[in-house]
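Student: based on what follows, work out the 3D shape:
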Amino acid sequence: ISEYAFTFNAESVNVTGRCDSIFIDSSDNIILIDYKTSKTKKNEKELKEDIQVRIYSLFLFLEGLTVNGEIIKKIPDKILIIYLRDTLIEVNISLTIDDIKETINKINEVRKNIVDNDFRAKIGRHCNYCIYKDLICPEFN
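Tutor: As a prediction, the model looks like this:
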């Protein structure tokens, strides 16, 4: 399945996203594939902490995929990150149920901060693309 769009509810929070690719082998193993075009590469430990990959995995765990009329709900058996620049570097990781629980906690923390109107700016490379940096950002000005 390529470009798989999803929406799911994680404890009162609607989460929407789009996976690059999901593959299901003949043994019903779910393989999540995320393609990266960035020059910056992450190691396995950094990728296990990547919220994007975790949200994809949470979706598959909570909602699952329909395969031959049957819904398969589980953490992906394999997560492949494929860096497309230069040499097609591939990194393979897997997550645990504890990682999934931690992801739900992170989502709830973000939800709480939104409800509490607590938006702390963090300076980073993403600031270059932010339309608010010159207008209202306390960290940038």
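Student: please count neighbours and contacts with C-alpha atoms only from this point.
Tutor: Fine.
Student: Arg54 - how many residues pack around it?
Tutor: 22 (other Cα atoms under 10 Å).
Student: now do the same contact list for the residue nearest to it when sequence neighbours are not counted.
Tutor: Distances taken as Cα to Cα, 6 or more residues apart in numbering place Thr103 nearest to Arg54, at 6.4 Å, with adjacent residues excluded. Counting by Cα atoms under 8 Å, 6 or more residues apart in numbering, Thr103 makes contact with 51, 54-55, 58.
Student: among those, which lie within helices?
Tutor: Applying DSSP state H to these, the entries found in helices are 51, 54-55, 58.
Student: PyMOL command to pick out the buried ones of those?
Tutor: Selection of buried members from those for PyMOL, criterion 16 or more other Cα atoms under 10 Å:
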select buried, resi 54+55+58
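Student: just the ones in helices among the contacts of Thr103 now: which is nearest Arg85?
Tutor: Ile51 (22.0 Å; Cα to Cα).
Student: could you measure from that closest one over to Ser57?
Tutor: 10 Å (Cα to Cα, to the nearest Å).
Student: centroid-nearest residue for the chain?
Tutor: Centroid-nearest residue in the chain, with Cα atoms, centre = their mean: Gln52, separated by 1.7 Å.
Student: quick one: the helices in this structure?
Tutor: Under DSSP H, the chain gives helices at 44-48, 51-62, 97-115.
Student: any idea how far Ile55 is from Asn14?
Tutor: Distance from Asn14 to Ile55, by Cα to Cα: 12 Å.
Student: please read the previous query as pertaining to Leu47.
Tutor: For Leu47, the distance to Ile55 - Cα to Cα - is 12 Å.
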